[in-house]
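Trainee: I need the structure of the sequence given here:
(one chain, ligands or ions: 1)
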Amino acid sequence: MQNVVIDSVKTVLGWVPERWLPGGTPDPLIMRRGAVGRQVSRLDGPIKVGGQARFAAEVAMENMCYASLLHSPITRGRMRHLDTSAAEAAPGVILVMTHRNMPRLDIIPLVSVTNLGAVGASALPIMQDTEIRYNGQVVALVLAETQEQADHAASLIQIDYETAGARTHFEAAKATARTPASVLIEKNHTVVGNAEYELAQSPFQVDNIYRTPGHNHNAIELHAVTVAWDGDTLEVHDASQMISGSAAALAKLFGLKKEQVRVLSPFVGGGFGGKGMWDHQVVAVAAARIAGRPVRLVLSRDGVYRIVGGRTPTEQRVALAADAGGNLTALIHTGHSVMPPYSACPEQYTLTGRALYRSKSYAFVQHHLDLDIVPNTYMRAPGESVGTFALESAIDELAHEMGIDPIELRLRNEPETHPLSGTPFSQRALVQAYREGAERFGWARRQATPGTQRDGEWLIGMGCATGSFPYARMPGASASIRLTREGRAIVSCSAQDMGMGTSTVQIQHAADRLGLPMEAIVFEMGDSALPTTPMAGGSSQTVSIAAAIAAAAEKLSGELLRLAGNSSPLAGLRAGEVRMIDQKLVSIEDPSRTESFQQILARASRDEISVSAAGSAPLEMLKFAMHSLSANFCEVRVSEVTGEVRVSRMLGSFDCGAILNPKTATSQFKGGMIMGIGLALTEETLFDERSGRIMNATLADYHIPSHLDVPDIDVMWTGVPDPRSPLGARGIGEIGITGVAAAIANAVFNATGRRVRDLPITLDKLL
Ligand code: MOS
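Mentor: Next comes the predicted model:
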């Protein structure tokens, strides 16, 4: 169904003249910059450093009580006996909630490309019956006067489980694998030419299996919620990257009108795809209603592993073939990952290969395995992060096979237009990113023969890899602007800032859009009572909000012109014929025709003027092929004695359109690259296939890179604006991690001659 809808929209769009589309006329702010493009420190930095920013678990409420969750230790089966009496009698206990007294609730609608307003990451019932569907499932909640009392009482609940057979084996699940029709907005099974034939016929080929393990979310801020009912209105302080959708979902679940639910999330300590709606918000809201008191629920680190999904493991086949000239003749990317039917995230690891290289033939397909596990979910560049590990390792292997420099092999296969659809690229300067990156990194010093450079026991190698992440702008973004006679503008929308600088960048944007200094802009966000904006996900939020603010600014121009009336030098002009510069409306054609906002408002005897508007439909995504791109460079040192890998240098050379704030962008890029080090070398969810239980649900056992694992990272960008997107920008959130694991694996090969196709590259794999 998704494919049919998307195909028909694309067909119709093919007939529409370009200038009618968003991006048909480039955003004027691409050429006219003031605050945008400047190195601005995060404006919420001081209150965060000063401890004044209240996160979800820090909101004080009178008469608050504290929640503790009990998780199932079995994977599949049911509760035969449940005895809560000891817990109920424990000191300080207010409520013990199980399926017996949990209100009967519907299922949260799953987020999908055809239901972007939805927020559900799991379509399983929440505490509705005795059935156990995965290990770690919430079976009881205890409310008490203190956290310690709640935790203690939860330990007193007695449950006798009857276990049933569970599906926990990746390999065994292949027998019943599903092959979905779509992967996000792309057709899943995609074939061009006869790739297997070309593979067999071509003089050069590589054909290998790559494996990536599961990963878990480990944002610094634990998932947390503080909930209060006031009669039939509900206030939820959440750590959320989908505020409006969460409010709508809670309203639907608890039978309330949208206005009766308010979700606030002004500060979030990292999201990365994991801060959506899971069971904890729902049980906290239910418990607060029963208890008639405000409730705080903070998941333990272990609790995050138990009920918040992570990245699925993948097993991917990449086969490449080339002719004697280094032109690709076959590109095959297929594989298996886990996606139970109650999960929302297809881990789209085969999408990159469809957009990156010219080839004579292609074959792509992904298969989903059903296991009894906490539903897997979106996690920083879902698909592309692990997909580029396989694809970009394979490119390096082919280059080695052919004796060609791996950058040269990539550039020889650089497409003119989208290689599968022929759709034009909106803007693409990957070649420039490679040339400039290689120059700065000193790629020319790399030895083509592996294992030939050393410093004592340390073997040294260099690797590179491409990263790619599709541009997205979400439909349904709106914003309001209130302009006061004193020359202040209050820009409002329900946007979310998980620490990446959303509010800072949108203040920069609004300043330029409205012709005001940054100090004159107030940006209200993080509250579902404000105009709806979509989730912060898919690296799409900045342009989604920018389009909404641009639409509201256009409306504001129209309103000001209407107020200015016939005695104004602007009389007769329409919104599209003026610009807002230096606190004035100015005619584009004749800049001498101008009047200040203040004059217009004063003459009309108005203190302020308010407008709201929705952003245009993101049709540019269908008319153009749009991707953020990167050329990753890495140098590693591998101990010949211990097999230890140290990343000694990394450079990310990015091509993501215009960079709106070099400082926050650099942080985004570096953060993603550090996650890439984790992906390559340390991170791995250890899932016990016998029991279905995650064994390393703690930061002591699940290894994320620490400071000493991270070298000084260098970052650069082409900065070429994308003429088709608001502000000329594409996403920068997720591109940072993509390609990094392959760059590191390729450097390890260059250092040692050992090709590791099974992440993470731990020392045992090199000895
Ligand atoms: Mo996105 S998966 O929210 O980093």
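Trainee: Excluding chain neighbours, what is closest to Cys464?
Mentor: Excluding the flanking residues, the one nearest Cys464 by C-beta to C-beta, 6 or more residues apart in numbering is Phe633, at 5.0 Å. (Glycine included, C-beta is placed from N, CA and C.)
Trainee: now swap in Leu95 and tell me
Mentor: Leu143 (4.2 Å).
Trainee: Name the SS class of the one you found, please.
Mentor: strand (DSSP: H, G, I helix; E, B strand; the rest coil).
Trainee: and it, how many neighbours?
Mentor: 26 (other C-beta atoms under 10 Å).
Trainee: and this protein, which of its residues are near the ligand?
Mentor: 241, 271-273, 378-380, 382, 537, 733-734 (C-beta under 6 Å from any ligand atom).
Trainee: can you pull the contacts of the closest residue to Ile157 other than its chain neighbours?
Mentor: Of all residues not flanking Ile157 in the chain, Ala87 sits nearest, at 4.8 Å (C-beta to C-beta, 6+ apart). Going by C-beta atoms under 8 Å, 6 or more residues apart in numbering, Ala87 touches 93, 96, 140, 142, 153-154, 156-157.
Trainee: and with 10 Å instead?
Mentor: 68, 70, 93, 95-96, 98, 140, 142, 144, 150, 152-158 (C-beta atoms under 10 Å, 6 or more residues apart in numbering).
Trainee: what about it, distance to Val283?
Mentor: 15 Å (C-beta to C-beta, to the nearest Å).
Trainee: In the stretch 451-600 of the chain, which residue sits closest to the ligand?
Mentor: The nearest approach of the stretch 451-600 of the chain to the ligand comes at Gly537, 3.8 Å away (C-beta to the nearest ligand atom).
Trainee: my guess is that residue meets Met500, correct?
Mentor: No. Using C-beta atoms under 10 Å, Gly537 is not in contact with Met500; the gap is 11.9 Å.
Trainee: For those two, list the residues in contact with both.
Mentor: Residues touching both Gly537 and Met500 (C-beta under 10 Å, 6+ apart) are 271, 733.
Trainee: where do the helices sit along the stretch 101-250 of the chain?
Mentor: 147-155, 170-173, 195-201, 243-253 (DSSP state H, counting those that start in this stretch).
Trainee: Could you list every helix and strand in contact with the third one?
Mentor: On a contact count with 3 or more C-beta pairs under 10 Å, 6 or more residues apart in numbering; DSSP states H and E, helix 195-201 meets strand 204-212, strand 314-322, strand 328-338, strand 362-369.
Trainee: Any idea what Leu264 is bridged to?
Mentor: His237, Asp527 (DSSP bridges).
Trainee: okay if I get the helices and strands packed on helix 195-201 as a markdown table plus mean neighbour count?
Mentor: Listed next are those as a markdown table, based on neighbours: other C-beta atoms under 10 Å:
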| stretch | mean neighbour count |
| --- | --- |
| strand 204-212 | 19 |
| strand 314-322 | 24 |
| strand 328-338 | 24 |
| strand 362-369 | 22 |
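Trainee: Can you say which of the ones you listed is nearest to Pro475?
Mentor: Counting by C-beta to C-beta, Pro475 lies closest to strand 362-369 out of the helices and strands packed on helix 195-201; the figure is 25.4 Å.
Trainee: pLDDT of the closest one, averaged?
Mentor: For strand 362-369, the mean pLDDT works out to 98.
Trainee: Could you tell me the angle between it and strand 314-322?
Mentor: 170 degrees (axes from the mean of the first three to the mean of the last three C-alpha atoms, to 10 degrees).
Trainee: Over in this structure, which residue gets nearest the ligand? Let me know.
Mentor: Counting by C-beta to the nearest ligand atom, the chain gets nearest the ligand through Gly273, at 2.7 Å.
Trainee: Quick check, that residue in contact with Gly383.
Mentor: No. Gly273 lies out of contact with Gly383 (C-beta under 10 Å); the separation is 11.1 Å.
Trainee: Touching, Gly538 and Cys345? I think so.
Mentor: No. Counting by C-beta under 10 Å, Gly538 does not reach Cys345; the two are 11.3 Å apart.
Trainee: joint contacts of these two?
Mentor: The contact sets of Gly538 and Cys345 overlap at 184, 273, 378, 382 (C-beta under 10 Å, 6+ apart).
Trainee: pLDDT check: weakest of these?
Mentor: Leu184 (89).
Trainee: picking that back up, burial of the residue of the stretch 451-600 of the chain closest to the ligand, as a residue count?
Mentor: 23.
Trainee: for the chain, which spans come out with low pLDDT?
Mentor: By pLDDT under 70, the low-scoring segments of the chain are 1-6, 20, 22-23.
Trainee: got the contact list for Gly657?
Mentor: 30, 426-427, 429, 471, 543, 626, 628-629, 717-732.
Trainee: Let's see that with 8 Å instead.
Mentor: Each residue near Gly657 by C-beta under 8 Å, 6+ apart is listed here: 427, 628, 720-722, 725, 728-730.
Trainee: just Ala324 next, same as before
Mentor: Ala324 neighbours (C-beta under 8 Å, 6+ apart): 203-204.
Trainee: so where does it fall, helix or strand?
Mentor: Following DSSP states H and E, one finds Ala324 outside all helices and strands.
Trainee: who touches stretch 165-179?
Mentor: By C-beta under 8 Å, 6+ apart, stretch 165-179 touches 75-76, 188-189, 313, 315, 336, 338, 341, 365-373, 687-692.
Trainee: try 10 Å this time
Mentor: When contacts are defined by C-beta under 10 Å, 6+ apart, stretch 165-179 is touched by residues 74-77, 132-135, 188-189, 211, 214, 312-315, 336-341, 365-373, 687-693.
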